[in-house]
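K.L.:
With the sequence up front, the predicted model follows.
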Amino acid sequence: MARKLTPYFLLIPAFLIIGLFIYWPAVYSFNLSFHRETPFGTRMIYVGLKNFKRLFSSQVYTDSVKVTIAYVTLSVTITVILSLFLAMLLNQKIPAVRLYRTFIFAPYAISPAIAGTLWTFLLNPVVGHVNYFLMKTFGIQVEWLTTKPYAFYAVVFATVWKMMPFDIIFYLAGLQSIPDELLESARIDGASLWKRITKIIVPLLSPITFYLVIMNTITTMFAAFAIIDVMTKGGPANSTTTMIYRLYLDAFAFQRTGKAAAESVILFLIMAVITIFYFRLVEKRVHYQ
């Protein structure tokens, strides 16, 4: 009997940590979304759905939803397409290919905050390397982080740069698992490079693409907060304020805990709907070997 119970006793610390730091905050946040705290947090007042109604009637919050949709769609699309292209290049038998792979994978090793700091320096209008190149080549200078819509593009660039190595690793592993004989026979049969990519490589890599789209969506929805905070702090004029950054502002800058809790519930529901929709519809087109 004791031997049967031993595994459960060993799992107790893990269950306690998960319950304390994941499930309890989630339950507390859900409960808080139906309440409003007094200014000094001395008591909570039940307000029902008023927090949610205030959100959907707020132009600031609806703008953050639009920014999030554009930011996630653009970042994920560019990252997946560009990562597949670079992975195919890195899969070629060329001199020093391992050195190129090391340089490509380097951004994955740094934190989002460091990535945001690096791109802040690169996009500096006075001493940044990007503006130096644009000035020497085209004779123009861009205020990347303080003007619309360039601040939004700058955040997308930094996010794509940070996420790409993760995707390239998976795509490169998938490409190396495709038999060379399959691609060679298609080439002998007269299939062009475009046909080999669209008819063989892309379908065989669809399980990896399916996984990466989910992971990239989660990353851009939540983990890219640090990049936005370091580079633009949601500006200019809220043009880079995503839903997760709006939640941060309401919770910690403005101390609107009930409203912020309602925003976290909405974020959870959005991610749940996206995941279910993607698994129900897109997975049918995934070709598992």
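P.N.:
Received it, and whenever you're ready, just let me know what you need. These numbers were taken from a predicted model, which means no experiment stands behind them. Residues are numbered from 1 along each chain as shown.

K.L.:
Just the strands from this structure, written as ranges.
P.N.:
Using DSSP state E, the strands of the chain run over residues 35-37, 44-46.

K.L.:
Remind me what the last one packs against, helices and strands.
P.N.:
This means strand 44-46. Contacts defined by 3 or more C-beta pairs under 8 Å, 6 or more residues apart in numbering; DSSP states H and E place strand 44-46 against strand 35-37. C-beta here means a position set from N, CA and C on the backbone, and glycine is covered the same way.

K.L.:
before we move on, back to that, ranking the strands of the chain by burial, who's on top?
P.N.:
strand 35-37 (a mean of 17; mean count of other C-beta atoms under 10 Å).

K.L.:
Now for the protein, the helix or strand with the poorest mean pLDDT.
P.N.:
Within the chain, no helix or strand scores below helix 97-105, which has a mean of 79 by mean pLDDT, DSSP states H and E.

K.L.:
Check whether Tyr100 really touches Asn91, as I assumed.
P.N.:
No - counting by C-beta atoms under 8 Å, Tyr100 does not reach Asn91; the two are 11.0 Å apart.

K.L.:
If you count surrounding residues, which of these two has more?
P.N.:
Asn91 (18 against 15; other C-beta atoms under 10 Å).

K.L.:
distance of that one from Ile18?
P.N.:
39 Å (C-beta to C-beta, to the nearest Å).

K.L.:
Over to Leu11?
P.N.:
Leu11 is 10 Å from Ile18, by C-beta to C-beta.

K.L.:
Have a look at this structure and report its longest helix.
P.N.:
Criterion DSSP state H: the longest helix present in the chain is helix 59-90.

K.L.:
report the angle between the axes of that one and helix 97-105?
P.N.:
180 degrees (axes from the mean of the first three to the mean of the last three C-alpha atoms, to 10 degrees).

K.L.:
packing partners for helix 59-90?
P.N.:
Secondary elements touching helix 59-90 (3+ C-beta pairs under 8 Å, 6+ apart): helix 97-105, helix 150-176, helix 206-218, helix 243-248.

K.L.:
and that helix, which residues are buried?
P.N.:
Buried residues in helix 59-90, counted by 16 or more other C-beta atoms under 10 Å: 61, 64-65, 67-68, 71-72, 74-76, 78-80, 82-84, 86-88, 90.

K.L.:
any idea how far that helix is from the chain center?
P.N.:
Relative to its parent chain, helix 59-90 has a centroid offset of 8 Å by C-alpha atoms, centre = their mean, to the nearest Å.

K.L.:
go on, stretch 78-93?
P.N.:
19 Å.

K.L.:
Please work out how many residues are found near the nearest residue to Ile178 once chain neighbours are set aside.
P.N.:
Once flanking residues are discounted, Ile178 sits nearest to Leu204: 5.6 Å by C-beta to C-beta, 6 or more residues apart in numbering. The number of residues packed around Leu204, counting by other C-beta under 10 Å, is 18.

K.L.:
Next: Trp24.
P.N.:
Neighbour tally, Trp24, other C-beta under 10 Å: 11.
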